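>>> need a structure here:
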Amino acid sequence: MLEPAWAGIMLTFASIAAGAVIGSERERRDKPAGMRTLILVSLGAAVFTMTSFAFVTTTGDSGRVAAQIVTGIGFLGAGVILHSRRSVVGVTTAATIWVTAAIGLTVGAGYAIPGLALSVIVRTVLDLVHRYEREFLDHVCTWRVRITFQSHRGKTQAKLQRILSAYHIQSSRGQWSMLDAHRGQVELDVQIPERKMHEVAGEIADLGEVESIEDRAATSPEG
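Below is the predicted model:
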């Protein structure tokens, strides 16, 4: 219906919009791959797909480019998966990158409206399933804990902040203080799913610099 140049421009903006719809949800939850990343994933996949059609006259197989996109996006997805001794995080973000690339391929193939519809569906799935998990699967607790540690010139505090950040606990919400020149303390009062509470407590306990972890109370929000 449009001239090739105008069609390409329309598909480009459609791929940006599709990536933004999904990326805004990841950005709001402070995930490793946010809006900018997913916009670029969708846009890149769409551009590669549109460009692949130019190779039909010389190679006869535009699908080879699409196949390489599917393979290559796996490396980007693997980069956001973090493995620790007790848990694996980032799998949902990796899957989101993968499906965003698929949507970019769809848009680049000329199906702008279905691609945008798919992005809305993915965004809805991410939102609704997250709410369902928090409401019915995760027992959210108020975790009140006091951690005493050897400061080691601030190195231990940096390690603790990295662990808390990995579990999306804002370290700035803790009350950090120095007991003396060599020992520090932090008091946390945060809302966290019970299973993650045990995981993060185990990660912290594995630090040799940690002297004690005092659980002041672990109660449900209603209690």
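>>> Next SSE downstream of the lowest-mean-pLDDT helix or strand in the chain?
Sorting the helices and strands of the chain by mean pLDDT, DSSP states H and E puts helix 56-59 at the bottom, at a mean of 56. Downstream of helix 56-59, the next assigned helix or strand under DSSP states H and E is helix 63-79.
>>> How about residues contacting that next one?
41, 44-45, 48-49, 51-52, 55, 93-95, 97-98, 101, 105 (C-beta atoms under 8 Å, 6 or more residues apart in numbering). Placement of C-beta: from N, CA and C, glycine included.
>>> Most neighbours out of those, which is it?
Counting neighbours by other C-beta atoms under 10 Å, the top entry in the contacts of helix 63-79 is residue 41, with 29 neighbours.
>>> measure that residue to residue 146 for me?
42 Å (C-beta to C-beta, to the nearest Å).
>>> Also residue 74?
From residue 74 over to residue 146 the distance is 43 Å, taken as C-beta to C-beta.
>>> What separation do you get for the residue nearest the centre of the chain and residue 104?
The centroid of the chain falls nearest to residue 31 when counting by C-alpha atoms, centre = their mean (3.1 Å). Applying C-beta to C-beta, the value for residue 31 to residue 104 is 19 Å.
>>> next one: residue 48
In terms of C-beta to C-beta, residue 48 sits 8 Å off from residue 104.
>>> now residue 146, which residues is it bridged with?
residue 187, residue 214 (DSSP bridges).
>>> got the buried residues for stretch 107-124?
For stretch 107-124, the neighbour count (16 or more other C-beta atoms under 10 Å) marks 107, 108, 109, 110, 111, 112, 115, 116, 118, 119, 122, 123 as buried.
>>> what does it contact?
By C-beta under 8 Å, 6+ apart, stretch 107-124 touches 7, 10-11, 14-15, 17-19, 21-22, 24-25, 42, 45-50, 96, 99-100, 102-104, 106.
>>> on that earlier part again, show the contacting residues for the residue nearest to the centre of the chain.
Taking C-beta under 8 Å, 6+ apart, one finds 90, 92, 93 in contact with residue 31.
>>> Mind pulling up the pLDDT for it?
Per-residue pLDDT puts residue 31 at 79.
>>> Same check on the one 5 residues further on?
On pLDDT, residue 36 comes in at 93.
>>> same thing with residue 138?
67.
>>> Specify which member of the contacts of residue 31 is nearest to residue 162.
residue 90 (14.8 Å; C-beta to C-beta).
>>> Kindly provide the distance from that closest one to residue 113.
Residue 90 is 31 Å from residue 113, by C-beta to C-beta.
>>> where do the helices sit along the protein?
4-28, 35-52, 56-59, 63-79, 91-108, 112-132, 155-166, 194-205 (DSSP state H).
>>> where does this protein dip in pLDDT?
1-2, 55-62, 82-89, 138, 217-223 (pLDDT under 70).
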